[in-house]
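Asker: build me a model:
(one chain, ligands or ions: 1)
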Amino acid sequence: MQTQTQAAGAPATLLVSNWIGGEERRPSKTFERRSPVNRDDLVTIAPMSTAEEVREACEKARAAQKAWARVPAPQRAQVIGRLGHLLTREKEPLSRFATREMGKPIREARGSVQEAIDTAEFFQSEGRRLYGQTVPSELPHKELFTYRRPVGVVGVITAGNFPVAVPSWKIVPAVLCGNSVVWKPSDDAPGTAALFADLWRRAGLPAGVISIVHGAGAGSAGQYLVEQMDHGLLDKISFTGSTAVGRKIGEVCGRNLKRPSLELGGKNPLVVLADANLDLAVDGALWSSFGTAGQRCTSCGNIIADKRVMPELTARLVERARKLAVGDPNDESIDYGPFINERFRDNWVAQRQVGLDDGAKLLLDGVPITNGTEIDKFSGDAARGIYGGPRIFGSVTMSMRIAQVECFGPTVNLVEVDGIDAAIEAANGTPYGLSSAIYTNDAASMLRFKEEIGAGMSSINNSTTGAEAHLPFGGNGWSGNETRESGIWVLDAYTRWQSVNVDLAGKLQLAQIDLVDHADLEAPDWSAIVDGKT
Ligand code: UN1
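Answerer: Predicted coordinates:
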């Protein structure tokens, strides 16, 4: 990694290389990543990998994996422990760089680096467990055991909204379990990925256990990496991103009889019942919907409220949203910062018209913030940053397109229902099933929601976002293929179970056949049936 100084006063540009088999590769072709806070700020120049480079990374990963799997798990975990220490030491500069490169508020950038630290701490100690089982045999002098074995070479493809946390959810357990990784980071955060990779190198990870291949746009490194599955060079793909891309990856893995981990989109419901604490519900709804400018897979898309509280909830939400502080994400007091890229902004711009065409009512008209259209509490550079004001749609029904399709921007829908049955039906009324939340003080309603919601994750009296790093994370339906990340549950994604029989009887024993029958139950006389006599 090198840096290049820009014009006087401007921050330096990071020049990033691919990292293949432990070597830095100078790129022949590159792409630029500019800050969404200021499009004049050239943050990173990164390689456009060739198909050959991606293939080579996978081949080198295969060789490295064999040696790495032989390192005892507690020793592999020491590398993870050192990574955790380095992340803790570099938390502030890494968070600041992530904020500059992809625009998330500094407070949240620190939180997402902390999520990676939590992950490293968890898996450092997991290296001393990785438990298998001892299982009783049905035969004497015989023992049965189970072992977790690594799957091999894992292709990892990640999104830009959590550029340290989400890669760590995949790479940390994959490496701990004895796999090697070829990682294609998001083109929205290639510099953050390179800094994260540098910490792995400094933590003492052997060459080739992680390789990084950068690229931008369709038909580039990400696609080349997925193609390696058909060439037999990958054993698994772990992907966080859109449902459309996840489906394609699932198809490629399926025809190769491999299990991918797919963490896809969400249209997450937040239910407010008539008995809810409205102060709490308003805080939770605002944060779930507009935190990170709505650019989390766990962001709230539909606020589903009982008709008894809808008028007051609406009034309070609109009032509070109007006053949100939008702007420079380096400002500690900001509510949300810019869009991560123009594509997300353009989708969100288009969503406004879709809502209006469907008959929804704009209660708060969020539009792009440019010079001259700044909202009340705006603190950014409207001419150079990619900003948008908060948008709230009212009179939304679940059949409208805006209630069904993920938007990934600062927008939320208000859906009115009558009672808990209708609330749960609406909450389950999209093809997605990632996260969900309910605000109520009634224990019976909490229980019903937990039992009947189709989402993989549910909060009671808290936000749809903010999953902790040691609980299973993942969704159902269009939100994923029901694999889970984090905690002990992710171990199943990066290991295969092996069963071992150890027979010390000194003679051939046959399972299911050489059984001693200790039963003295009186057997029924089936001879007539068996012999065919009546
Ligand atoms: C994502 O948006 O892909 O639960 C991950 C949360 C965060 C992770 C979000 N801990 O909101």
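Asker: can you tell me how far the residue nearest to E126 when sequence neighbours are not counted sits from F162?
Answerer: Nearest in space to E126, with sequence neighbours left out and distances taken as CB to CB, 6 or more residues apart in numbering, is L176 at 6.3 Å. Bear in mind the C-beta positions are built from the backbone N, C-alpha and C, glycine included. To F162, L176 is 20 Å away according to CB to CB, to the nearest Å.
Asker: in the host helix or strand of T119, which residues are buried?
Answerer: When elements are assigned from DSSP states H and E, T119 belongs to helix 106-126. Using 16 or more other CB atoms under 10 Å as the test for burial, helix 106-126 gives 106, 108-124, 126.
Asker: the ligand next: which of those residues are close?
Answerer: On the criterion CB under 6 Å from any ligand atom, E115 are the entries of those that sit beside the ligand.
Asker: how about the helices in the stretch 401-534 of the chain?
Answerer: Using DSSP state H, counting those that start in this stretch, the helices found in the stretch 401-534 of the chain span residues 401-404, 419-427, 443-452, 491-494, 527-531.
Asker: which strands and helices sit next to the first one?
Answerer: When you say that, I think you mean helix 401-404. If contacts are counted by 3 or more CB pairs under 8 Å, 6 or more residues apart in numbering; DSSP states H and E, helix 401-404 sits against helix 342-358, strand 411-417.
Asker: so which of these comes closest to the ligand?
Answerer: Nearest of the helices and strands packed on helix 401-404 to the ligand, taken as CB to the nearest ligand atom: helix 342-358 at 12.7 Å.
Asker: run the chain-centre distance for the next helix or strand after the closest one.
Answerer: Heading C-terminal from helix 342-358, the first helix or strand you meet, by DSSP H and E, is strand 361-364. Distance of strand 361-364 from the chain centroid (CA atoms, centre = their mean, to the nearest Å) equals 31 Å.
Asker: cool, and stretch 352-368?
Answerer: Relative to the centre of its chain, stretch 352-368 is centred 29 Å away, using CA atoms, centre = their mean.
Asker: buried residues, that stretch. List them.
Answerer: Quick answer for stretch 352-368 (16+ other CB under 10 Å): R352, G355, D358, A360, L363, L364, G366.
Asker: related to what we said a few turns ago, more neighbours: which of L176 and F162?
Answerer: Neighbour count, other CB atoms under 10 Å: between L176 and F162, F162 has more, with 28 against 25.
Asker: report the beta-bridge partner residues of the closest residue to W497 other than its chain neighbours.
Answerer: Leaving aside its chain neighbours, W497 sits nearest to T146 (5.6 Å; criterion: CB to CB, 6+ apart). Going by DSSP bridges, T146 is paired in beta bridges with S499.
Asker: roughly how far apart are T146 and the ligand?
Answerer: As judged by CB to the nearest ligand atom, to the nearest Å, T146 and the ligand stand 31 Å apart.
Asker: pretty sure that residue is in contact with L130, am I right?
Answerer: No - T146 lies out of contact with L130 (CB atoms under 8 Å); the separation is 11.3 Å.
Asker: more neighbours, these two?
Answerer: Taking neighbours as other CB under 10 Å, T146 and L130 compare with L130 leading, 19 against 13.
Asker: A strand includes I392, no?
Answerer: Yes - assessed by DSSP: H, G, I helix; E, B strand; the rest coil, I392 belongs to a strand.
Asker: ok, K104 touching G337?
Answerer: Yes - taking CB under 8 Å as the definition, K104 is a contact partner of G337 at 6.3 Å.
Asker: what sits in contact with each of those two?
Answerer: Taking CB atoms under 8 Å, 6 or more residues apart in numbering as the contact rule, K104 and G337 both touch P329.
Asker: measure how buried P36 is and give me the count.
Answerer: So P36, with other CB under 10 Å, has 30 neighbours.
Asker: that one reaches F339, doesn't it?
Answerer: Yes - P36 lies in contact with F339 (CB under 8 Å); the separation is 6.0 Å.
Asker: so what sits against both of those two?
Answerer: Counting by CB under 8 Å, 6+ apart, the contacts common to P36 and F339 are G103, I386.
Asker: get me the contact residues on this protein for the ligand.
Answerer: Counting by CB under 6 Å from any ligand atom, the positions of the chain adjacent to the ligand are E115, N161, F162, V166, T240, R296, C297, T298, T465, G466, A467.
Asker: number of residues surrounding the second one?
Answerer: Burial of N161, expressed as a neighbour count using other CB under 10 Å, amounts to 26.
Asker: what's the answer for the last one, then?
Answerer: A467: 21 surrounding residues under other CB under 10 Å.
Asker: skipping its backbone neighbours, what lies nearest it in space?
Answerer: Once flanking residues are discounted, A467 sits nearest to F473: 5.0 Å by CB to CB, 6+ apart.
Asker: ok, the third one next?
Answerer: For F162, the nearest residue in space outside its immediate sequence neighbours is S112; the separation is 5.1 Å by CB to CB, 6+ apart.
Asker: ok, the one you found - contacts?
Answerer: Here S112 is in contact with S95, A98, K104, F162, P163, V164, A165 (criterion: CB under 8 Å, 6+ apart).
Asker: repeat that with 10 Å
Answerer: With contacts defined as CB atoms under 10 Å, 6 or more residues apart in numbering, S112 is in contact with 94-95, 98, 104, 161-166, 168, 192, 292.
Asker: and these as a markdown table, adding secondary structure?
Answerer: Shown next, in a markdown table, are the contacts of S112 (three-state DSSP):
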| residue | secondary structure |
| --- | --- |
| L94 | helix |
| S95 | helix |
| A98 | helix |
| K104 | coil |
| N161 | coil |
| F162 | coil |
| P163 | coil |
| V164 | coil |
| A165 | helix |
| V166 | helix |
| S168 | helix |
| T192 | helix |
| T292 | helix |
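Asker: would a markdown table of those residues with pLDDT be doable?
Answerer: Listed next are these as a markdown table, based on pLDDT from 0 to 100:
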| residue | pLDDT |
| --- | --- |
| L94 | 98 |
| S95 | 98 |
| A98 | 98 |
| K104 | 98 |
| N161 | 98 |
| F162 | 98 |
| P163 | 98 |
| V164 | 98 |
| A165 | 98 |
| V166 | 98 |
| S168 | 98 |
| T192 | 98 |
| T292 | 98 |
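Asker: am I right that the residue nearest to E126 is in contact with P72?
Answerer: No - assessed by CB atoms under 10 Å, L176 is found out of contact with P72, at 11.7 Å.
Asker: anything in contact with each of those two?
Answerer: By CB under 10 Å, 6+ apart, L176 and P72 have these common neighbours: G127.
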